[in-house]
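Asks: can you look at this prediction? I've put the sequence above it.
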Amino acid sequence: MDFELTDDQRMAVDAWTKVIERDILPITKEYRDSFIPKEAAHRLLKLCGEYGVGNGWVGEEDGGLGLDYLSSGLLFEALSRHAPDLAGIAWVTEGASLKVARTGSPELKARYLPGLVAGDIIGCSAISEPGMGSSVREMRTRAEKRGSNFHITGEKMWTSNASIADIVIVVAKTGENEFTMFLVDREEHGFQTQEIDKLGLNGWSMGQIVFDDVVVPEANVLGVVGGGLRETFKGFERSRCFVSTLALGIGQAALDDSLTYARDRRTFGKPIAGHQLVQALIADMATKLHASRLLVYRALAKLATGQRCELEAAMAKSFTTESVREIASQAIQIHGAFGITREFPVERHLRNAQMLTIPDGTTQINQLIIGRFLTGENALA
Ligand SMILES: Cc1cc2nc3c(=O)[nH]c(=O)nc-3n(C[C@H](O)[C@H](O)[C@H](O)COP(=O)(O)OP(=O)(O)OC[C@H]3O[C@@H](n4cnc5c(N)ncnc54)[C@H](O)[C@@H]3O)c2cc1C
């Protein structure tokens, strides 16, 4: 068992961090806690794409950088440390690109992949609905076959990137207990989006998408008719690992900010970093972050070998996102009253961290997946 990153991985993260600080932060600083508009998102995705962020999972044969999942996760973590909203935009676009690369027809791949990997096309994936999140099979959005087209009607909710997306990968019911995945193009087929006002990650679009009898040709089916949920569940393993890398970045930022503040702030004649109970808080934050990192890297390493990692991904996602929420709260405690003001970044870290315990399987759903592995009983059936 080797716990060290390779020289290549370390060099890639170092080079990428310099690019983040030099080229990306000057742009994302303008949108700290406020919506990153489409034009800026394209500009940022182009910068990210040169380093394999937002396109790294797509193989070189399809125009991507073909990075392994662990290396890619390290880059996302580094980006999320400084700009978690942009990391989210890139990650969701990358997920949509991979679905097109893996399941799209040669025509769909030729038409959409070059733009997706170049940052010219922004993607999103729409599964959740107002009446259904955890229980995916209860979705209501329908796609009805008429001739050589499908007519899609329904409402999707909480879709990341919705307002800035050019294409949506949508899962819809095509029969009783049959689900199919489609690529829908905003300009060509038309869909309406409405941005949702939310707690954190406010630079990262999240919205509602309405499909009002949207007509999509049969050729826009991704994979096979009826194969939509299989692809979706496979994608969840990957997305649980990657949402965890976003959490790691936020957790690291909260720890770094706390260390800086604790060394600077003085009470009872010395820096608060010298008080034992403050050190206990810092030790607890750092240990939780380290344990999270080990879980996430382990899951990513398994994913990189092409093995299923449902158990590891569920453990990594539930533990890391809950731990980072606690870490961010402890960061506020260390900052005292200043911690709850907008003057310091830690209140934002907590709002951002809170966002991540919900998507890609809530903490409870991931606990039930872990429970299923350990007991052999499926509480989600
Ligand atoms: C930041 C963010 C990004 C997102 N991005 C996307 C996206 O890009 N595309 C998309 O389709 N969706 C997205 N979502 C939606 C997300 O997938 C859902 O919010 C999630 O699946 C939970 O569904 P829900 O909100 O309807 O909660 P519900 O399913 O209604 O759950 C409510 C509560 O009940 C608990 N619960 C539910 N069932 C059980 C059970 N069987 N046992 C125990 N507890 C249970 C849950 O853990 C939760 O605490 C995103 C959400 C967030 C917060």
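Replies: Here it is on my side, so go on. Residues are numbered from 1 along each chain as shown.
Asks: for this structure, what spans make up the strands?
Replies: For the chain, the strands defined by DSSP state E cover 123-126, 142-146, 149-160, 167-175, 178-185, 192-195, 206-217, 221-222, 266-267, 270-271.
Asks: mind pulling up the pLDDT for the closest residue to the ligand within the stretch 101-250 of the chain?
Replies: Here the stretch 101-250 of the chain gets closest to the ligand at one residue, residue 133, 1.7 Å apart by C-beta to the nearest ligand atom. Placement of C-beta: from N, CA and C, glycine included. pLDDT for residue 133: 96.
Asks: chain neighbours aside, what residue packs nearest to it?
Replies: residue 158 (7.2 Å; C-beta to C-beta, 6 or more residues apart in numbering).
Asks: the ligand contacts on the stretch 1-150 of the chain?
Replies: Counting by C-beta under 6 Å from any ligand atom, the stretch 1-150 of the chain comes close to the ligand at 92, 124, 125, 126, 127, 128, 133, 134.
Asks: for those residues, give me a markdown table that also has neighbour count.
Replies: Converted to a markdown table, those look like this (neighbours: other C-beta atoms under 10 Å):
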| residue | neighbour count |
| --- | --- |
| 92 | 28 |
| 124 | 27 |
| 125 | 24 |
| 126 | 29 |
| 127 | 24 |
| 128 | 18 |
| 133 | 18 |
| 134 | 13 |
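Asks: tell me the one of the residues you listed nearest residue 356?
Replies: Using C-beta to C-beta, residue 92 is the member of those that lies nearest residue 356, at 13.2 Å.
Asks: tell me the contacts of the closest one?
Replies: Residue 92 sits next to 123, 124, 125, 160, 161 when contact means C-beta atoms under 8 Å, 6 or more residues apart in numbering.
Asks: setting the sequence-adjacent residues aside, check what's closest to the last one.
Replies: Read it as residue 161. Nearest one to residue 161, counting by C-beta to C-beta, 6+ apart, is residue 124 at 3.8 Å.
Asks: just name the most buried of the strands of the chain.
Replies: Neighbour counts (mean count of other C-beta atoms under 10 Å) averaged over each of the strands of the chain peak at strand 123-126, with a mean of 26.
Asks: report the outermost residue of this protein with respect to its centre.
Replies: residue 269 (43.8 Å; C-alpha atoms, centre = their mean).
Asks: surely residue 27 is in contact with residue 43?
Replies: Yes. Counting by C-beta atoms under 8 Å, residue 27 does reach residue 43; the two are 6.8 Å apart.
Asks: test my guess that the residue of the stretch 101-250 of the chain closest to the ligand contacts residue 156.
Replies: No. Using C-beta under 8 Å, residue 133 is not in contact with residue 156, being 10.9 Å away.
Asks: if I look at residue 122, how far off is residue 77?
Replies: 22 Å (C-beta to C-beta, to the nearest Å).
Asks: ok, residue 71 next?
Replies: 11 Å.
Asks: likewise for residue 272?
Replies: Residue 272 is 28 Å from residue 77, by C-beta to C-beta.
Asks: same drill for those two, tell me which one is more crowded.
Replies: residue 77 (25 against 20; other C-beta atoms under 10 Å).
Asks: how near is that one to residue 174?
Replies: Taking C-beta to C-beta, one finds residue 77 at 38 Å from residue 174.
Asks: try residue 10
Replies: Distance, residue 10 to residue 174, using C-beta to C-beta: 47 Å.
Asks: who touches the residue most central in space within the chain in this structure?
Replies: Nearest to the mean C-alpha position of the chain, counting by C-alpha atoms, centre = their mean, stands residue 243 at 4.3 Å. Neighbour list for residue 243: 91, 317, 321, 356, 359, 360 [criterion: C-beta under 8 Å, 6+ apart].
Asks: and the pLDDT at residue 3?
Replies: On the pLDDT scale, residue 3 gets 88.
Asks: for it, which residues are in contact?
Replies: Taking C-beta under 8 Å, 6+ apart as the test, what residue 3 contacts is residue 294.
Asks: kindly recompute the last result at 10 Å.
Replies: Applying C-beta atoms under 10 Å, 6 or more residues apart in numbering to residue 3 gives the contacts 294, 297, 298.
Asks: same question, residue 190
Replies: 184, 211, 212, 213, 214, 215, 216.
Asks: can you add pLDDT and distance to residue 381 and give the residues you listed back as JSON lines?
Replies: Output for the contacts of residue 190, formatted as JSON lines (pLDDT from 0 to 100; distance: C-beta to C-beta, whole Å):
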{"residue": "184", "pLDDT": "98", "distance to residue 381": "31"}
{"residue": "211", "pLDDT": "98", "distance to residue 381": "29"}
{"residue": "212", "pLDDT": "97", "distance to residue 381": "34"}
{"residue": "213", "pLDDT": "98", "distance to residue 381": "34"}
{"residue": "214", "pLDDT": "98", "distance to residue 381": "33"}
{"residue": "215", "pLDDT": "98", "distance to residue 381": "36"}
{"residue": "216", "pLDDT": "98", "distance to residue 381": "32"}
